[in-house]
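1. Fold the following, please.
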Amino acid sequence: MKSVTIHHGDSRDVLKGLADNSIDSVVTDPPYALVSIVKRFGGKNASAAKSEGASGVYKRASAGFMGQTWDTGETAFDPEFWVEVMRVLKPGGHLIAASATRTYHRLAVAIEDAGFEIRDMISWLYGSGFPKSHDVSKGIDKANGDARPVTGSRLSEGGRGGSTASVGQSLIDAGRVIEITAAASAASAASAAWEGWGTALKPACEPWVLARKPLGGTVAANVLEHGTGALNIDACRVEAPQGLTGGGSRHGSPLHMDRAAGINRVNERSEAHVAGRWPANVIHDGSDEVVDAFPDAPGQQGDLNPTGRARPTKTCLGDMAPPLASAARGDSGSAARFFYSAKADADDRLGSKHPTVKPIDLMRYLCRLVTPPGGVVLDPFAGSGSTGVAAMLEGFESILIEREAAYVADIERKVAFYRGEGRLAAQEKGRVGSESADALPLFANGTGEAA
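-> Just a heads-up that it's a prediction; the model follows:
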């Protein structure tokens with residue numbers, strides 16, 4: 001397996017020690033700076049947003065997701081930081097950076113202002129999020145000092161299903177049961193009028209910036225000189241059901257445009273790409289909740305005969321070719337099958353307390369999409385180390401930078417586990433995939449270097 005080099009420190013400092021044009025790709029999950037909107041914009045009664053060394057807009061966006069002091073915006077929202085990232089990237093090198101729907105614009109603008117070309121936005125859809133909404137009716141009753149009648153109870157997030165009639169006392173004592181209340185309508189008509197109103201949607205999507213360092217000439221010239229500048233489409237195609245070819249590919253297409261003659265040349269038969277469907281800018285986690293949200297979308301159900309004729313046109317789309325012969329594919333089901341599914345594994349967390357651990361399958365796909373064979377992946381916000389493990393499993397070198405000591409230990413443990421060190425012991429104790437990682441060792445030398 002390839003090496004994973006781990007730097008414990010601030011990425012702004014560590015990057016200065018990396019050589020110009022030495023990195024093939026950047027795949028990272030920066031802090032989202034999900035401070036309260038009221039705090040971010042200086043609400044009259046809001047306490048100040050916490051920050052160290054930040055100023056201006058970066059300070060307003062620096063309080064921390066779930067109270068985490070590292071979840072600040074003075075780095076990820078600063079164009080100067082991304083200028084340094086661009087310096088170490090090879091010409092044409094791609095950058096993929098995760099964000100939150102609320103702060104994506106700040107990240108994308110900072111990356112663009114640094115000189116990157118914004119190429120696309122990748123949407124990762126997941127079913128594990130839960131709404132954090134303010135109940136307006138409760139807020140009114142609280143402000144009026146009115147008691148709300150209890151009408152029932154439910155399990156909190158993490159204790160799904162069932163009613164409290166069958167809930168054990170231990171769950172109640174642990175605060176895992178939430179009371180269901182009704183508006184204190186007898187005391188406040190306004191409270192009842194706003195029953196069912198909230199302030200937030202259920203989070204089910206994360207936007208990822210897909211950007212590229214400007215090329216050194218044409219794409220072809222850049223790829224030949226640096227190995228960067230293009231996306232690995234075929235390696236990231238969406239797998240189709242067995243025996244079913246993908247669709248929508250021009251690779252080996254029977255349609256060719258003779259620009260000199262201004263005519264279409266059409267083969268006798270249309271065949272989709274055998275490797276699968278073209279990768280999209282939507283990725284999902286394969287959960288039932290996400291799959292069910294897509295509409296039912298039967299594929300081509302009947303054979304298509306090569307009837308009709310070409311229709312010359314002067315529009316930007318070019319000439320319209322006649323229909324091509326194509327055998328029925330006969331597939332059916334949720335339209336989710338047209339998009340890559342990055343399912344989380346039981347071994348993704350390995351005991352890490354990091355609040356935003358990413359599925360290794362997802363990071364493998366993203367590394368594979370933007371990194372040339374044998375390339376080096378940089379993650380300046382390494383977190384629990386999913387990017388490093390993903391790069392290693394894909395055959396890439398990686399350089400990880402993480403400021404928090406606890407997460408550096410998580411990275412070392414995770415890399416060791418996926419190298420096979422400690423895996424047998426974990427399996428024997430039945431600990432693989434559990435929240436406890438006591439059986440999984442750190443590197444003995446403490447250097448953070450996995451040779």
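2. any idea which element I401 lies in?
-> If you go by DSSP states H and E, I401 is part of strand 397-402.
3. Helices along the stretch 51-200 of the chain, start to end?
-> Along the stretch 51-200 of the chain, the stretches classed as helices by DSSP state H, counting those that start in this stretch are 56-60, 79-88, 104-113, 136-144, 169-173, 189-193.
4. can you redo these as TSV with mean pLDDT, distance to I6 and mean neighbour count?
-> Bear in mind the C-beta positions are built from the backbone N, C-alpha and C, glycine included. Below are those laid out as TSV (pLDDT from 0 to 100; distance: least, CB to CB, whole Å; neighbours: other CB atoms under 10 Å):
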stretch	mean pLDDT	distance to I6	mean neighbour count
helix 56-60	45	26	17
helix 79-88	97	17	19
helix 104-113	96	24	19
helix 136-144	88	46	17
helix 169-173	48	39	10
helix 189-193	83	53	16
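5. For V26, which of these is the nearest?
-> Within those, the stretch nearest V26 is helix 79-88; the backing value is 6.0 Å (CB to CB).
6. Do I have it right that A405 meets H8?
-> Yes: the criterion here is CB atoms under 8 Å, and A405 meets it with H8 at 6.6 Å.
7. These two: who's more crowded?
-> H8 (18 against 9; other CB atoms under 10 Å).
8. how about that one, phi and psi?
-> Dihedral pair for H8: phi -90, psi 110, per degrees, to the nearest 10.
9. What sits closest to it if chain neighbours are left out?
-> Closest residue to H8 apart from its sequence neighbours, by CB to CB, 6 or more residues apart in numbering: V408 at 4.7 Å.
10. which regions of the protein sit below the pLDDT cut-off?
-> Low-confidence segments of the chain, defined by pLDDT under 70: 35-73, 156-176, 185-188, 241-274, 299-304, 306-320, 322-330, 355, 422-451.
11. which residues does H94 bridge with?
-> S25, R212 (DSSP bridges).
12. quick one, which of the helices of the stretch 51-200 of the chain is nearest to H354?
-> helix 104-113 (19.1 Å).
13. Would you map the strands across this protein?
-> Ranges of strands in the chain, per DSSP state E, are 4-8, 23-28, 89-98, 117-125, 150-155, 177-181, 205-212, 255-258, 263-266, 282-284, 340-341, 376-379, 397-402, 449-450.
14. Distance to V291 added to those strands, as JSON lines?
-> Output for the strands of the chain, formatted as JSON lines (distance: least, CB to CB, whole Å):
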{"stretch": "strand 4-8", "distance to V291": "33"}
{"stretch": "strand 23-28", "distance to V291": "25"}
{"stretch": "strand 89-98", "distance to V291": "22"}
{"stretch": "strand 117-125", "distance to V291": "10"}
{"stretch": "strand 150-155", "distance to V291": "24"}
{"stretch": "strand 177-181", "distance to V291": "28"}
{"stretch": "strand 205-212", "distance to V291": "15"}
{"stretch": "strand 255-258", "distance to V291": "33"}
{"stretch": "strand 263-266", "distance to V291": "37"}
{"stretch": "strand 282-284", "distance to V291": "8"}
{"stretch": "strand 340-341", "distance to V291": "8"}
{"stretch": "strand 376-379", "distance to V291": "29"}
{"stretch": "strand 397-402", "distance to V291": "31"}
{"stretch": "strand 449-450", "distance to V291": "36"}
